[in-house]
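Q: Requesting a structural model of the entry that follows:
(chains A and B)
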Amino acid sequence: MFKDFAKKSLAALAVTGAAIASFAAPAQAEFPEKPVTMVIPLGAGGSHDLNARVITSIIPSYLNQAMIVQLSPGAGGQKGTHEVARAPADGYTLLFTHNYIDMLQQHVENLPYDPLEDFVTVARVNYAPIAVAVRADSPYQTMDELIAASKENPGGIQMAHSGNWGALFVPAAQMMQALDMQWNLVPYPGGGPALQALLSGDADVTMGFPSSLSSHLDAGTVRVLATAGEERIYEGVPTFAEVGVEGDVGFMHRVVLAPKGTPEEALTKLSEAFKKLEEDSTFNRMMGRLGENINIISGDEYDKMRAEQSKAYEVLVDELTSQ
Amino acid sequence: MLDQFTEGFAMAMRFDTMALMSVGLFAGMLVGSLPGFTTLMAMAILLPISFFLDPIVGIPFLLGIYKGGIFGGSVPAILISMPGTGAAVATSRDGYKLTQKGKSRKALDIALFSSVFGDTASDIFTIMMIFPIAFLVMQFGPPELFAVLLMSLVIIAATSGANPLKSLIMMMLGLWLSFIGTDPLGGVERFTFGLFELKSGIPLLPMLIGVFALPEVANVIIRNEKGKKLAALVGERLSRVEFRRCLPTICRSTAIGAGVGMVPGLGQIVAAMMGYSAAKNASKHPETFGEGEIEGVAAAEAANNAVNGPTMVPLLTLGIPGDNVTAILLGAFVAQGLRPGPELFEQQGATVFAILVAMVIANLLFLVIGYLSIPMFSRLVTIKTSILIPVVIMFAFAGTYVFRSDINDLMILVAFGIFGIIAKAARFDVMPMVMGFILGPSMEYAFGQTVAMSQGNPLGFFFTDRIGALCVLLSTPIIGYLLWKRLYSSPVAA
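A: Okay, the predicted model is just below:
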């Protein structure tokens, strides 16, 4: 009967509720008294989702409360961001985002929130350095050869990226700007399809994070020509700085933000809990398997980086859109 | 390769694998049958559990949720005309008519059998042909995807009703509705009237429930049959003769579904519609389709499940997930230390085959679990309408709300409900609109990519580089006309 069915569903709900409640320590007056929600402004199965699943399965032991992932994709990340901006600033609603959604979009569109004014950083969890990749049978053996070919034939090189103003588009645009060259940027619905376009021959070059490129590097189907930052990641592969692209270019920072006005006590509790993840062996093992690093930066320090990012992106957007 | 397969086969034969897979199948079916709760959500929430399980247990567990969820989605589609996903739209067409005729149990049975058949056949096909499929997948770029999507829309419009003009009008409306929101390529806002709420576009779920379920609710209320039941009886189970009659349809749909699965970006929705259209076209009595034809349910369900096998191929051979479900599976793989990609088969061949074998076993387990659960579900419709209708309305609103906890979605639901009632009265079929709405964004994206790839000269690009896509584009109107002519040889209005 339907009644049985309803009863069963209710029972299932009760069990889930009990499971969540069992995370909770004996009643305490101090923060957090109830589970904390972490909103992700992106879809299921992406790298943010995976990182968050690992974080939320470990952090309850340091927070003494469960942390719940809530996916809220839409409008290029603005939907979820807007939700958190409007949420009460009590520390129970956090945003797990990255620097391009956080700091770049304000210069491209009119947003219903002000990222610098409406949010404070709880912690930066980790970062992913981007790499420039070509097919193994590509005629371009080095980054210099690719740059020379791009200057010779402006717009003739097809570059597959994961969507306008996204994590692959922005570094490509910054690179074109710094090196004074031109690629034909073709959007794909995500980094995976962009990589597939490279492999199938539709694109000449793409970018990717080490976690998604590693199996192809081992198999020898893809060659990396340069990686973001100043320190070399792969032997014999130059960094962006070495090929003439300086600054905070090509890093995707995964950050946890809270609405501005969140009580100091709650912020401290939260960032301490994130800080402790760095030492946790299970967390290290699982992030290692995902191919992600762990590099926690405290809120104050990252807030300064945000202000710098905002300025750099403003200049970039101005130049790109004025053409 | 063969010894890897036999080793993998042995690895999959574990009691805990079977047990957790069964739990996953049952849980997936329950979640999938509740409108608003998607299989994807269930998988994302339960993903961390698989982190701590053995790979041969954890990944089959997730696969179980996925497979159970697809069938679960067709339960409300058949019983109360409430498809929770695009993939169940084609199923609800004949499924709900069967329920109204008092044959809900038959409809659920054939849905289960064709799902399991389509899925199993496509899994076995995938295991045997994994590398040829991987090669084929690479032949499809944005221009080919655009051509195939356009052809799908034309076929849907041509086969969905006697009056192609009405179908085309509804499809155009659907395409226009899909334009609302942020342009996926340029990031420009379109038709949002400056409303932030519309910036991410119209969500699919309120539209589906609105246009399919609410008009049926209104229908029952208008007829004012308080004491009556939606269907007096649940009917008999499916007979062997009926299954045998559907078998050619199931086989055809399985082949179509497996083919669609190989094209990255098409997916279950296109497969279900194509399988349905093909079955209608091949039938000696196409007029029974849409009026409660068991073959219609079989065609849609076999096709949308047959997609599953081939969609795993890019994930396993390239490490590239084709959709959200495979993206979650990718997460489960890497968290287990298995890195899908070109070397997976060399390094972990046995484990991969164990997982593929587990997929086949999951289907067989589900045959039993589903068969035992159907009586429980099918009795739902024998509740008095004075009780059932409020429950259905509650499901419609609650399901829409839980989907993304947005109050605006309820207004969209009501708007589409009213639209659905008017369309029904005016004898406009809402199906082409929904299909245009679902496939529009992918088609637009592929078109934009094609234009970007061609560097501003798409015509020349098609002629020089993409002859295959060009041929599909040129043949599309002819195929559409021939299909329509065959099905409706004496064109009459509506």
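Q: Would you tell me what helix or strand A:Arg254 is located in?
A: Secondary-structure assignment from DSSP states H and E places A:Arg254 in strand A:251-259.
Q: Please put the alpha-carbon coordinates of that strand into PDB.
A: Presented in PDB, the C-alpha positions along strand A:251-259 are these (Å, rounded to 0.1, in the frame of the first residue of the first chain):
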ATOM      1  CA  PHE A 251      46.300  28.900 -10.700                       C
ATOM      2  CA  MET A 252      42.900  27.800  -9.600                       C
ATOM      3  CA  HIS A 253      42.500  28.500  -5.900                       C
ATOM      4  CA  ARG A 254      39.800  26.500  -4.200                       C
ATOM      5  CA  VAL A 255      38.500  28.600  -1.400                       C
ATOM      6  CA  VAL A 256      35.900  28.500   1.300                       C
ATOM      7  CA  LEU A 257      34.100  31.900   1.800                       C
ATOM      8  CA  ALA A 258      31.600  33.000   4.400                       C
ATOM      9  CA  PRO A 259      29.200  36.000   4.300                       C
END
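Q: what's that strand packed up against?
A: If you count contacts as 3 or more Cβ pairs under 8 Å, 6 or more residues apart in numbering or on different chains; DSSP states H and E, strand A:251-259 packs onto helix A:47-58, helix A:78-86, strand A:93-98, helix A:99, strand A:119-129, helix A:264-277, helix A:299-321. (Glycine included, C-beta is placed from N, CA and C.)
Q: Who does it pair with, and is each partner parallel or antiparallel?
A: Here strand A:251-259 is paired, per DSSP bridges, with strand A:93-98 (antiparallel), strand A:119-129 (antiparallel).
Q: could you pull out the strands for the stretch 101-250 of chain B?
A: B:181-182, B:189-190 (DSSP state E, counting those that start in this stretch).
Q: wait, which of those strands is closest to B:Val392?
A: B:Val392 lies closest to strand B:181-182 among the strands of the stretch 101-250 of chain B, at 29.1 Å (Cβ to Cβ).
Q: elements contacting the closest one?
A: The helices and strands touching strand B:181-182, judged by 3+ Cβ pairs under 8 Å, 6+ apart, are strand B:189-190.
Q: And the contacts of the strand it packs on?
A: Residues outside strand B:189-190 that contact it (Cβ atoms under 8 Å, 6 or more residues apart in numbering or on different chains) are A:Glu109, B:Phe179, B:Ile180, B:Gly181, B:Thr182, B:Asp183, B:Lys199.
Q: Look at A:Pro115 and say how many residues are nearby.
A: A count of nearby residues for A:Pro115, using other Cβ atoms under 10 Å in any protein chain shown, gives 19.
Q: Where does pLDDT dip in the stretch 201-323 of chain A?
A: Along the stretch 201-323 of chain A, the parts satisfying pLDDT under 70 run over A:323.
Q: Of all the strands paired with strand A:251-259, which one is nearest A:Ala85?
A: Nearest to A:Ala85 among the strands paired with strand A:251-259 is strand A:119-129; the distance by Cβ to Cβ comes to 7.0 Å.
Q: what angle sits between that closest one and helix A:47-58?
A: 110 degrees (axes from the mean of the first three to the mean of the last three Cα atoms, to 10 degrees).
Q: Can I get strand A:119-129 in CSV, CA atoms only?
A: The C-alpha coordinates for strand A:119-129 follow below in CSV (Å, rounded to 0.1, in the frame of the first residue of the first chain):
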residue,chain,number,x,y,z
PHE,A,119,32.4,37.8,1.6
VAL,A,120,35.3,37.0,3.8
THR,A,121,37.7,34.1,3.4
VAL,A,122,37.6,31.2,5.8
ALA,A,123,40.5,29.3,4.2
ARG,A,124,42.0,28.5,0.9
VAL,A,125,42.1,24.7,0.7
ASN,A,126,44.4,24.1,-2.2
TYR,A,127,45.3,25.2,-5.6
ALA,A,128,45.7,23.5,-9.0
PRO,A,129,48.4,24.7,-11.4
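Q: Next one: B:Leu145 from chain A, what distance?
A: Counting by Cβ to the nearest Cβ, to the nearest Å, the gap from B:Leu145 to chain A is 10 Å.
Q: Quick check, that residue in contact with B:Pro264.
A: Yes - with contacts defined as Cβ atoms under 8 Å, B:Leu145 counts as touching B:Pro264 at a distance of 7.4 Å.
Q: Please enumerate residues in contact with stretch B:307-314?
A: With contact meaning Cβ under 8 Å, 6+ apart, stretch B:307-314 is reached by A:196, B:66-67, B:70, B:119, B:122-127, B:130, B:133-134, B:137, B:257-258, B:260-262, B:264, B:267-268, B:271, B:320-323, B:325-326, B:329, B:356, B:359.
Q: In what element of secondary structure is the closest residue to chain B within the stretch 151-300 of chain A found?
A: Nearest to chain B in the stretch 151-300 of chain A, going by Cβ to the nearest Cβ, is A:Ser215, at a distance of 2.6 Å. Taking DSSP H and E as the definition, A:Ser215 sits inside helix A:210-219.
Q: okay if I get the strands paired with strand A:251-259 as JSON lines plus mean neighbour count and mean pLDDT?
A: Below are the strands paired with strand A:251-259 laid out as JSON lines (neighbours: other Cβ atoms under 10 Å in any protein chain shown; pLDDT from 0 to 100):
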{"stretch": "strand A:93-98", "mean neighbour count": "24", "mean pLDDT": "96"}
{"stretch": "strand A:119-129", "mean neighbour count": "23", "mean pLDDT": "95"}
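Q: send the alpha carbons of the helix or strand harbouring B:Met312 over as CSV?
A: Following DSSP H and E, one finds B:Met312 within helix B:308-318. Extracted in CSV, the C-alpha atoms of helix B:308-318 (Å, rounded to 0.1, in the frame of the first residue of the first chain):
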residue,chain,number,x,y,z
ASN,B,308,24.6,3.1,-20.4
GLY,B,309,27.2,0.7,-21.6
PRO,B,310,28.8,2.8,-24.4
THR,B,311,28.7,6.0,-22.2
MET,B,312,31.2,4.2,-19.9
VAL,B,313,33.7,3.9,-22.7
PRO,B,314,35.2,7.4,-22.8
LEU,B,315,35.4,7.3,-19.0
LEU,B,316,37.3,4.0,-19.0
THR,B,317,39.5,4.4,-22.0
LEU,B,318,40.2,8.2,-21.8
